[in-house]
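>>> Predicted model and sequence below, questions to follow.
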Amino acid sequence: MNEEVENKSQRNMGRYMLFLMVFTFVIPIGAAYWLFSVGGTDIKVNKGEFVKSGVQILDMGLTNLDGTAATEEDLFGHWHMMYYMVSDCDKACEEKIYTLRQIKTSFHKESDRIENILIHFDNNINPDFSNKIETHYANFNRYIADREKFNQMLGFNGNELIDKEIVFIVDPIGNVILRYGKESTAKDIISDLKRLLKASQIG
């Protein structure tokens, strides 16, 4: 009898924890998307383009620079801006990286809710650039990825992502949600991030 009561208690606890996770993470972010995309009305107000649902950063096979696989601990818990480069970073690339750094800084006290991700499609990284980014762009988390994997997941191959200077916003539970092309401005990204941060206390 005691074992039956204990099993029932464990099941109830499991259901409670599942509910708590949904209430804590999924519902607030879902509400944030709704408020963000329509502003409580039928008018679209976001500047970025929504990415097809179900694209998860954890499924992209990212590895750290030391070759270890990126984990939930690495990728979850913050809003992310994600950008790309090959072995070296040309002028346009560096200007975009500078812009993303400034966007994060512009959030002042809330800047710790946002992280930058720089994806390398080539692990033969220019050492001069590595030194520069470690010195001047230390708020970037850097990962290595396979171009084809990104093509499968996002519909853009590595060269397109770089040539079109595409930036993605990723939510705190790893969903890739918004895309910005070369024509988008820093103000566009800031506008959307402000509304996302305001609508959700997650991340």
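Great, that's in hand. Numbers count the residues shown, from 1 in each chain.
>>> isn't residue 189 right up against residue 169?
Yes - assessed by C-beta atoms under 8 Å, residue 189 is found in contact with residue 169 at 7.4 Å. To be clear about C-beta, it is placed using only N, CA and C from the backbone, and glycine gets the same treatment.
>>> Point me to the residue sitting closest to the centre of this protein.
Nearest to the mean C-alpha position of the chain, by C-alpha atoms, centre = their mean, lies residue 170 at 2.5 Å.
>>> and the gap between that residue and residue 124?
For residue 170, the distance to residue 124 equals 26 Å [C-beta to C-beta, to the nearest Å].
>>> next one: residue 153
Residue 153 is 23 Å from residue 124, where distance means C-beta to C-beta.
>>> Give me the more crowded residue out of those two.
residue 153 (19 against 9; other C-beta atoms under 10 Å).
>>> what packs against the host helix or strand of the more buried one?
Assigned by DSSP states H and E, residue 153 belongs to helix 147-154. For helix 147-154, the packing partners by 3 or more C-beta pairs under 8 Å, 6 or more residues apart in numbering; DSSP states H and E come out as helix 158-163.
>>> So what touches the following helix or strand past the helix it packs on?
Downstream of helix 158-163, the first helix or strand assigned by DSSP H and E is strand 167-170. For strand 167-170, contacts defined as C-beta atoms under 8 Å, 6 or more residues apart in numbering pick out 48, 51, 57, 75, 79-83, 96, 100, 117, 154, 176-180, 184, 189, 192-193, 196.
>>> Pull up the pairing partners for the helix or strand hosting residue 80, direction included.
Using DSSP H and E, residue 80 maps to strand 79-85. Strand 79-85 pairs in its sheet with strand 114-120 (parallel), strand 167-170 (antiparallel), by DSSP bridges.
>>> Deepest-packed of these, please.
The highest mean neighbour count among the strands paired with strand 79-85, using mean count of other C-beta atoms under 10 Å, belongs to strand 167-170: a mean of 24.
>>> Could you check how far that strand is from the centre of its chain?
In terms of C-alpha atoms, centre = their mean, to the nearest Å, the gap separating the centre of strand 167-170 from the centre of its chain is 5 Å.
>>> Which positions within the helix or strand residue 189 falls within qualify as buried?
When elements are assigned from DSSP H and E, residue 189 belongs to helix 186-199. Of the residues in helix 186-199, 188, 189, 190, 192, 193, 195, 196, 197, 199 count as buried by neighbour count, 16 or more other C-beta atoms under 10 Å.
>>> now the fourth one: how far from residue 152?
This means residue 192. On the measure of C-beta to C-beta, residue 192 and residue 152 end up 26 Å apart.
>>> Residue 88 reaches residue 129, doesn't it?
Yes - look at residue 88 against residue 129 with C-beta under 8 Å: they come within range, at 5.8 Å.
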